[in-house]
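>>> Provide a 3D model corresponding to the input given below.
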Amino acid sequence: MRIILLGPPGSGKGTQAQLLVQRYGIVQLSTGEMLRAAVAAGTPVGLKAKEIMASGGLVPDDVVVGIISDRIDQPDARNGFILDGFPRTVPQAEALDGLLKHKHLKLDAVIELRVNESALLNRVETRVAQMRERGEEVRLDDTPEVLTKRLASYRNQTEPLIHYYSERRKLSTIDGMMAIDEVTRAIHRLLLALGAVEPKTRARSAAKAGPAKKAKGTNKGTKKAAKKSAKKPAKVVKKPAKSAKTAKKAARKAVKVAKKATRKMVKKAAKTIAKKAVKKGSKKGPKKVTKKRAKR
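Numbers count the residues shown, from 1 in each chain. From the prediction side, this is the model:
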């Protein structure tokens, strides 16, 4: 994601930029820091900026754009960046558009943190009064007088950017007067709608899985559990074997009992049949003999 944060001094751009850096793994590009880094590194653009700054002049836009060009070519800016404090004017925005087009990059979002200027002044006045009551030192650039001048400069130079990016359908406005976490959630929802991806989500899920040592412990535990479970089924298999044997024995006994019963029944039946036959034979036999004797 390549993002520009717009907003007057005290709107919370720096705080939100740091939160975006942590969440999306992108870098925050501040023109002041980039200028100092380029001068310290002794790059051609940095040396040019050093001469201008040494003479007390303002660094021209083409030099600042050159420093930004060198910075976004560095490896840590490949995933994206946040521009904080640049562009400040419409000509700078046009120069930035030309730079990104030349590098075949696109600007994903311009987020304006809209605030109430009178509320900002009240906040600064309250903070300065509390610091003075505690005997703390107040920074020279953190007073209501300085903030009033900075707000006037923002209105004259930077507010035209709102119209510039709105025409190009890049601008999104968020209420900067909300609590910090609410502003953060609103920016997050906006970026998700634009297709932003959190690279740290995978790291969080991996961290939840636990370190490698714990994984080994779990493997050992699973091996032990597997051994136990392997033993238990063996016992279960033995039980059916015993029941099968007993069933066979019971079946054999039942067959023997049945055989004995059938033998007894057969014997009884044979006896009864024999008795009946004897009785019938004894009755019929004498009658026939007497009849034959009578005929003779």
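>>> how many residues are close by Leu140?
8 (other Cβ atoms under 10 Å). C-betas here are computed from N, CA, C, even on glycine.
>>> how much space between it and Arg36?
20 Å (Cβ to Cβ, to the nearest Å).
>>> with Leu19 instead?
24 Å.
>>> in stretch 99-114, what counts as buried?
Buried residues in stretch 99-114, counted by 16 or more other Cβ atoms under 10 Å: Leu100, Leu107, Ala109, Val110, Ile111, Glu112, Leu113.
>>> that one: end-to-end distance?
Chord length of stretch 99-114, first to last residue, is 27 Å (Cα to Cα, to the nearest Å).
>>> lowest-pLDDT helix or strand in this protein?
None of the helices or strands of the chain scores lower by mean pLDDT, DSSP states H and E than helix 200-209, at a mean of 49.
>>> now the residue nearest to Lys13 when sequence neighbours are not counted, what's its secondary structure?
Among residues not flanking Lys13 along the chain, Leu5 sits closest, at 4.5 Å (Cβ to Cβ, 6 or more residues apart in numbering). Assigned by DSSP: H, G, I helix; E, B strand; the rest coil, the conformation of Leu5 is strand.
>>> confidence score at Leu5?
Looking at Leu5, its pLDDT reads 94.
>>> what's the answer for Val128, then?
85.
>>> wait, it sits on Pro144?
Yes. Counting by Cβ atoms under 8 Å, Val128 touches Pro144, with 6.9 Å between them.
>>> could you pull out the helices for the stretch 101-250 of the chain?
117-133, 144-153, 160-167, 180-193, 200-209, 212-295 (DSSP state H, counting those that start in this stretch).
>>> if I average pLDDT within each of the ones you listed, which one is lowest?
Across the helices of the stretch 101-250 of the chain, helix 200-209 gives the lowest mean pLDDT, at a mean of 49.
>>> what are the buried residues along stretch 136-147?
Within stretch 136-147, the residues that qualify as buried are Pro144, Leu147, counting by 16+ other Cβ under 10 Å.
>>> contact partners of it?
Pro9, Gly10, Leu120, Leu121, Val124, Glu125, Arg127, Val128, Met131, Arg132 (Cβ atoms under 8 Å, 6 or more residues apart in numbering).
>>> any idea how far Gln157 is from the residue nearest to the first one when sequence neighbours are not counted?
By that I understand Pro9. Leaving aside its chain neighbours, Pro9 sits nearest to Arg150 (4.5 Å; criterion: Cβ to Cβ, 6+ apart). Note on Arg150: its distance to Gln157, by Cβ to Cβ, is 11 Å.
>>> please apply the same query to His104.
In terms of Cβ to Cβ, His104 sits 29 Å off from Gln157.
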